[in-house]
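Peer 1: please find the sequence and the predicted model below.
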Amino acid sequence: MNALRDVDPVLADIIVREEERQRAEVNLIASENIVSDAVLEAQGSVLTNKYAEGYPARRYYGGCEVVDEAENLARERACALFGGDHANVQPHSGTQANMAAYSALLNPGDRVLAMDLQHGGHLSHGSRVSLTGKIYDFHHYPVSPKTELIDLDIVGAMAKELQPKLIIAGASAYPRIIDFAGFAEICNEVGAFFLVDMAHIAGLVAADEHPSPVPHADVVTSTTHKTLRGPRSGLILCKEKLAKKIDSAVFPGGQGGPLMHQVAARAVCFEEAMTSSFREYAAKIRANAATLCEILSEGGLRIVSGGTDNHLVLVDVRSVGLRGDVAEEHLSRAGIVVNMNMIPYDPNPPRHPSGLRLGTPTITSRGLGAEETGRIGRWIVEVLQNPTDEERIARIGNEVRELCDGFPTRI
Ligand code: DSN
């Protein structure tokens, strides 16, 4: 970063300190990951200089012939990776992808059925505080109060009663397999479009570690930076018959110029996700999550839904007499970074919820395996069972730093 250091040493120092923070801490935030140097290079490239409103061969600017190749590569690779008919690689984020998909399929005021935020859904699935919830008439399905799993009987009954124009599957805090075929059947029965937001599990889907929504859904939205391990951005896959509507909804409907450096970085990420080493990484994400889940459960923490099938574990920390925000703070003092989360039927408010969401994408990308994940699980139990034992937390903090020293964050 020689140029940056010369021009802006203050910002250069911020970047160096953030890289060091990422290196020295155990990151269990389920929606984060670390990208390869190849993705970083594409993102930091001169493609950021180019305006390219429109789509390849149909731009509103001259000089787009080279970046057209980058966007075509990204689109073709996304379709090859996930098996979709058509890909739009321009959404700046997952929420932008969802907004575009809604506007392609719906009119303002149309009815939508999606997963409740408190039960694992996402803000952009019609939360009252999101524009999506203000524009469309969203209704939300819960998980079963008994099993904490999605219950397709509940979803089906709500769909029959509400007759929504769109049903959404996909979550940001749901630790189990989602039955996309079952959702599609309900959509067929009530004549609703079916949208899957696979942002959290996209990397697992790419590696066949989670059933793919693509054969079942009319539209699949995603981010590319979670388990998929690409740049921060969004993605839409759809059936050919919806391609024109989706493209128009992204541009000019909801966005201006695409970020061509980010489009290029997406192309790199899709290429990486087609390799055998990516498949191994995706399998290890799940194995590490299963190990973590087992150790936490043995340590007396209640696991929401009783287990995990994917990259994340949702923990009810009331089982050790804590709240999620407090538990997050205790773990942070030991160098373990997590996020507080609502759990299904949470009696506590979002700023002071009852849960913690823990995910294994980042530690798996760094190369940590079962043994190291087991150690992390035992540290978490120790901290949460002894949150006022400062000496113990300091000792665990040192052990966390020692562990991190052996696992680089540049891949
Ligand atoms: N904020 C992301 C997450 O943490 O799940 C979703 O957008």
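Peer 2: Yes, it's here. Numbers count the residues shown, from 1 in each chain.
Peer 1: relative to the ligand, how far out is the residue nearest to Q385 when sequence neighbours are not counted?
Peer 2: Leaving out its chain neighbours, the residue that sits closest to Q385 by Cβ to Cβ, 6 or more residues apart in numbering is V320, at 5.9 Å. In short, each C-beta sits where N, CA and C put it, glycine included. The span separating V320 from the ligand equals 23 Å under the rule Cβ to the nearest ligand atom, to the nearest Å.
Peer 1: phi first, then psi, for V320.
Peer 2: Dihedral angles phi and psi of V320 (degrees, to the nearest 10) take the values phi -120, psi 20.
Peer 1: hang on, it packs against N386?
Peer 2: No - in this structure, V320 is not within contact of N386 by Cβ atoms under 8 Å, at 9.7 Å.
Peer 1: looking at those two, which one has more neighbours?
Peer 2: Of the pair V320 and N386, V320 is the one with more neighbours under other Cβ atoms under 10 Å, namely 18 against 15.
Peer 1: and the more buried one, what does it touch?
Peer 2: Going by Cβ atoms under 8 Å, 6 or more residues apart in numbering, V320 touches 300-301, 327, 384-385.
Peer 1: could those go into a markdown table alongside secondary structure, pLDDT and distance to the ligand?
Peer 2: As requested, the contacts of V320 are exported to a markdown table (DSSP: H, G, I helix; E, B strand; the rest coil; pLDDT from 0 to 100; distance: Cβ to the nearest ligand atom, whole Å):
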| residue | secondary structure | pLDDT | distance to the ligand |
| --- | --- | --- | --- |
| G300 | coil | 97 | 26 |
| L301 | coil | 98 | 20 |
| A327 | helix | 98 | 17 |
| L384 | helix | 98 | 21 |
| Q385 | helix | 98 | 26 |
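Peer 1: tell me which strands the helix or strand encompassing V112 pairs with, and in which orientation.
Peer 2: Secondary structure assignment for V112, by DSSP states H and E: strand 111-115. Strand pairing for strand 111-115, determined by DSSP bridges: strand 137-141 (parallel), strand 166-169 (parallel).
Peer 1: contact partners of that strand?
Peer 2: So strand 111-115 is contacted by 102, 106, 121-122, 125-126, 136-141, 150, 155, 158-159, 162-171, 174, 192 (Cβ under 8 Å, 6+ apart).
Peer 1: again, only this time at 7 Å
Peer 2: Strand 111-115 is contacted by residues 121, 125-126, 136-141, 158-159, 162, 164-168, 171 when judged by Cβ atoms under 7 Å, 6 or more residues apart in numbering.
Peer 1: following element in sequence after that strand, please.
Peer 2: Per DSSP H and E, the first helix or strand lying C-terminal to strand 111-115 is helix 131-135.
Peer 1: in the stretch 301-411 of the chain, which residue sits nearest the ligand?
Peer 2: Residue of the stretch 301-411 of the chain nearest the ligand, by Cβ to the nearest ligand atom: N339 (6.9 Å).
Peer 1: my bad, the stretch 101-250 of the chain
Peer 2: S172 (3.5 Å).
Peer 1: between the two ends of stretch 175-186, how far is it?
Peer 2: Taking Cα to Cα, to the nearest Å, stretch 175-186 runs 22 Å from one end to the other.
Peer 1: typed the wrong thing, it's stretch 215-223
Peer 2: End-to-end distance of stretch 215-223 (Cα to Cα): 19 Å.
Peer 1: and stretch 254-263, by the same measure?
Peer 2: Stretch 254-263 has an end-to-end distance of 17 Å (Cα to Cα).
Peer 1: and this protein, which residues reach the ligand?
Peer 2: Contacts of the chain with the ligand, taken as Cβ under 6 Å from any ligand atom, map to 31, 94, 122, 172.
Peer 1: of those, which is the most crowded?
Peer 2: Busiest of the residues of the chain next to the ligand [other Cβ under 10 Å] is G94, holding 29 neighbours.
Peer 1: tell me which residues touch it, please.
Peer 2: 124, 199, 221-223, 234.
Peer 1: which pair in those residues spans the largest distance?
Peer 2: S124 and S222 (12.2 Å; Cβ to Cβ).
Peer 1: which of the two has more neighbours?
Peer 2: S222 (32 against 26).
Peer 1: wasn't the more buried one part of a strand?
Peer 2: Yes - counting by DSSP: H, G, I helix; E, B strand; the rest coil, S222 is part of a strand.
Peer 1: what are the buried residues along stretch 71-83?
Peer 2: Neighbour-count burial for stretch 71-83 flags 71-75, 77-79, 81-82 (criterion: 16 or more other Cβ atoms under 10 Å).
Peer 1: follow-up on the earlier one: out of the contacts of V320, which end up buried?
Peer 2: For those, a burial check counting by 16+ other Cβ under 10 Å picks out 301, 327, 384.
Peer 1: for the first one, give me phi and psi.
Peer 2: Note on L301: backbone dihedrals following degrees, to the nearest 10 are phi -90, psi 140.
Peer 1: what sits against it?
Peer 2: Counting by Cβ under 7 Å, 6+ apart, L301 makes contact with 315, 317, 319-320, 381, 384.
Peer 1: dump these to JSON lines, plus distance to E280.
Peer 2: Output for the contacts of L301, formatted as JSON lines (distance: Cβ to Cβ, whole Å):
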{"residue": "V315", "distance to E280": "27"}
{"residue": "V317", "distance to E280": "32"}
{"residue": "S319", "distance to E280": "34"}
{"residue": "V320", "distance to E280": "34"}
{"residue": "V381", "distance to E280": "28"}
{"residue": "L384", "distance to E280": "31"}
